[in-house]
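> could you work out the structure for the sequence below:
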Amino acid sequence: MRQLVQAAIDAANAGQTAQAKQYLKQALTENPNDVDGWLVLAAIIEDPARKRQCLQRALSLDPTNQIARDELLEMDRAAMGGAPAPSIPARPVESNAPQPGSRQMDISRPLGGSPVPAQPQRASQSQSVYQPQPAPQFKPVAQSKPVPQPQPAAAPAAKVLKFHFPLWMRIILCGSAAGSVLFIPFAIMNPDMLMGVFIPLLFLYGAWMISVRVEVSNTGIRVAQLFGGGEIGWDEIARLESNTLKRRLTLFNKNGQKLHVTNQVSGYPQIIEILRQKRPDLFGMAAPASYYASSPYTGMGQQVTPAFTGSKVFKKSFFKRYASVIIGIIVIPIGLPGLWNNSTENLIGGIIFMLVGLYLILAPFFSIHQIKVEPGQLTIEATFNEDRFRPDQIANISMKTARGRRGSATNFVALQTAEGKTISLLGFDGGEEILYGTLVNWWNSQRK
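Presented below is the predicted three-dimensional model:
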């Protein structure tokens, strides 16, 4: 671990900042409690907000760390416009000390939390400044032309991903709504067509429903809709709840406020994957959420995977499991009269009803009804068989969307084995989002 941090220091001193960050990422992934790693990372990061996060993380691990305290104090002074000058008279001293706000940590000094003693020359200069001196006799000197300071590089614009309903659906509904509005005056003037006023209202409601836009950035999720919307930060999410009936995912903050994210937008699986990367603790991980919030290199497309502990069971409710059995029992009596009828058409119809009813009755006994996630093993259970998988026997776990003819989207989890077999998982309690996040976190933490 010490070798990685030292390699990061050498790379930073050589001007290879990107390589230094890679070393630190690897070191902090293996040991998130490495104080030296957080201090070095704070030294090479230019963004003040992320630098402060790294220093606060180091200070939370080592409350007596003088380096972290000094740097935070310097940043606070710079934010307030610099420290006040001493009230006692002082004679001018030429010094090359950096101005407040431009001071950077020296990553070449020894690690371990103890600052390097000041040089004797600097100490004598500091003492001469603050010790009382007799009133000096100043001579007028010509003002030197101020040297322009280099402007800091502008921070890159935050990347925002936007998700909408399918374009063809928006065109059809919005066009139908606009056309139906023209029908309202004719319906009002003609009493026989007065009921037709409600048709434009239905189209307008549909156009309002599909006006939802989901925006995902490095700071959180924002839902924008005509005449409404809301947003929530990644670190503000306390829990999430999937509602299959209403086709949405609800995010709750610490105050109990809600943000509804519809699961009908295109690219919804990508939203869930980003949420899993940002907050894996919401999907069964044992690591504290503060670690993910304080990690400056955890962003879209990057992930930090803590250990997966404990076990979790996903089951289908009784109604979801046996609803087709109830329907099959109703369908079979409908086809029975056709079997005793001499008509060929009725006989064929009766046979079709009987076959459909038998299929609906038998189907639940061959479908998956329980998934058990344990360290080192995944068990998928049906009524008559049981499959067990190790992490190395799974090739990929993904979340996919199947959209019907009317535009309705169905999200499900696709588990692909190393042998090339694909298993579709949906309909479990908790929702496909929780199932997907838990399975991916388990798979990433268990495979070697």
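> so how many other residues sit close to Gln377?
Neighbourhood size, Gln377 [other CB atoms under 10 Å]: 15. In short, each C-beta sits where N, CA and C put it, glycine included.
> grab the nearest non-local neighbour of it.
Among residues not flanking Gln377 along the chain, Arg388 sits closest, at 5.9 Å (CB to CB, 6 or more residues apart in numbering).
> again with Thr262
Residue nearest to Thr262 in three dimensions, not counting chain neighbours: Arg248, with 4.9 Å by CB to CB, 6+ apart.
> ditto for Val212
Using CB to CB, 6+ apart and skipping residues adjacent in sequence, the residue nearest Val212 is Gln225, 4.8 Å away.
> tell me who's in contact with the one you found.
Contact partners of Gln225, counting by CB atoms under 8 Å, 6 or more residues apart in numbering, are 208, 211-213.
> would CSV of those with neighbour count and distance to Ile326 be doable?
Formatted as CSV, the contacts of Gln225 follow (neighbours: other CB atoms under 10 Å; distance: CB to CB, whole Å):
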residue, neighbour count, distance to Ile326
Trp208, 15, 36
Ser211, 17, 38
Val212, 21, 35
Arg213, 16, 40
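> of those, which is the nearest to Gln66?
Gln66 lies nearest to Arg213 out of the contacts of Gln225, by CB to CB, at 48.5 Å.
> quick check, that closest one in contact with Leu226.
No: applying CB atoms under 8 Å as the test, Arg213 and Leu226 come out as separate, 9.6 Å apart.
> where does the stretch 1-150 of the chain dip in pLDDT?
Scanning the stretch 1-150 of the chain with the threshold set as pLDDT under 70 gives 1, 80-150.
> any idea how this protein splits into domains?
Domain assignment for the chain, taken from automatic domain parsing, gives 1-81+104-109, 161-282, 313-446.
> what's the spacing between the longest one and its chain's center?
Computed by CA atoms, centre = their mean, to the nearest Å, the separation of domain 313-446 from the middle of its chain amounts to 29 Å.
> repeat for stretch 53-73
On the basis of CA atoms, centre = their mean, stretch 53-73 is displaced by 27 Å from the centre of the chain it belongs to.
> ok, and Tyr205, which helix or strand is that part of?
Using DSSP states H and E, Tyr205 sits within helix 198-209.
> and that helix, what does it pack against?
With contacts taken as 3 or more CB pairs under 8 Å, 6 or more residues apart in numbering; DSSP states H and E, helix 198-209 sits against helix 167-181.
> let's see that with 10 Å instead.
Counting contacts by 3 or more CB pairs under 10 Å, 6 or more residues apart in numbering; DSSP states H and E, helix 198-209 packs against helix 167-181, helix 184-189.
> now it against helix 167-181, angle please.
Helix 198-209 runs at 150 degrees relative to helix 167-181, counting by axes from the mean of the first three to the mean of the last three CA atoms, to 10 degrees.
> flag every buried residue along whichever helix or strand comes after helix 198-209.
Next along the chain after helix 198-209, taking DSSP H and E as the criterion, comes strand 213-216. Across strand 213-216, burial judged by 16 or more other CB atoms under 10 Å covers 213-214, 216.
> isn't there a helix covering Gly15?
No: per DSSP: H, G, I helix; E, B strand; the rest coil, Gly15 lies outside any helix segment and is coil.
> the helices in the stretch 301-448 of the chain, which residues?
Per DSSP state H, counting those that start in this stretch, the stretch 301-448 of the chain carries helices over the ranges 318-339, 344-362, 432-446.
> tell me the centre residue of this protein?
In the chain, the residue lying closest to the centroid (CA atoms, centre = their mean) is Leu275, at 2.5 Å.
> residues contacting it?
By CB atoms under 10 Å, 6 or more residues apart in numbering, Leu275 lies in contact with 216, 221, 234, 237, 240, 249, 251, 261, 282-283, 433, 437.
> can you tell me which of the residues you listed are in helices?
Using DSSP state H, the members of the contacts of Leu275 that fall within helices are 433, 437.
> farthest-separated two in the contacts of Leu275?
That would be Val216 and Phe283, which, of the contacts of Leu275, are the farthest apart (CB to CB) at 16.7 Å.
> what number of residues lie near Lys254?
Around Lys254 there are 10 other residues, counting by other CB under 10 Å.
> and Leu167, by the same measure?
Counted with other CB under 10 Å, Leu167 comes out at 9.
> against Trp168, how distant is the residue nearest to the centre of the chain?
Going from Leu275 to Trp168 by CB to CB, to the nearest Å gives 27 Å.
> same thing with Phe186?
Distance, Phe186 to Trp168, by CB to CB: 28 Å.
> follow-up on the earlier one: the residue nearest to Thr262 contacts Ala409, doesn't it?
No: counting by CB atoms under 10 Å, Ala409 is not a contact partner of Arg248; they are 11.5 Å apart.
> what touches both of the two?
Taking CB under 10 Å, 6+ apart as the criterion, Arg248 and Ala409 both touch 262-264.
> before we move on, back to that, quick one: which of the helices of the stretch 301-448 of the chain is nearest Val5?
Closest among the helices of the stretch 301-448 of the chain, using CB to CB: helix 432-446, at 23.9 Å.
> quick one: average confidence on the closest one?
Regarding helix 432-446, the rounded mean pLDDT is 90.
> using PDB, write out every CA atom in that helix.
Extracted as PDB, the C-alpha positions of helix 432-446 are listed here (Å, rounded to 0.1, in the frame of the first residue of the first chain):
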ATOM      1  CA  GLU A 432     -36.200  -5.300 -10.800                       C
ATOM      2  CA  GLU A 433     -34.100  -2.200  -9.800                       C
ATOM      3  CA  ILE A 434     -33.200  -3.600  -6.400                       C
ATOM      4  CA  LEU A 435     -32.700  -7.100  -7.800                       C
ATOM      5  CA  TYR A 436     -30.300  -5.800 -10.500                       C
ATOM      6  CA  GLY A 437     -28.300  -3.700  -8.200                       C
ATOM      7  CA  THR A 438     -27.900  -6.400  -5.600                       C
ATOM      8  CA  LEU A 439     -26.900  -9.000  -8.100                       C
ATOM      9  CA  VAL A 440     -24.300  -6.800  -9.800                       C
ATOM     10  CA  ASN A 441     -22.800  -5.700  -6.500                       C
ATOM     11  CA  TRP A 442     -22.600  -9.300  -5.400                       C
ATOM     12  CA  TRP A 443     -21.000 -10.400  -8.700                       C
ATOM     13  CA  ASN A 444     -18.400  -7.600  -8.700                       C
ATOM     14  CA  SER A 445     -17.300  -8.200  -5.100                       C
ATOM     15  CA  GLN A 446     -17.200 -12.000  -5.300                       C
END
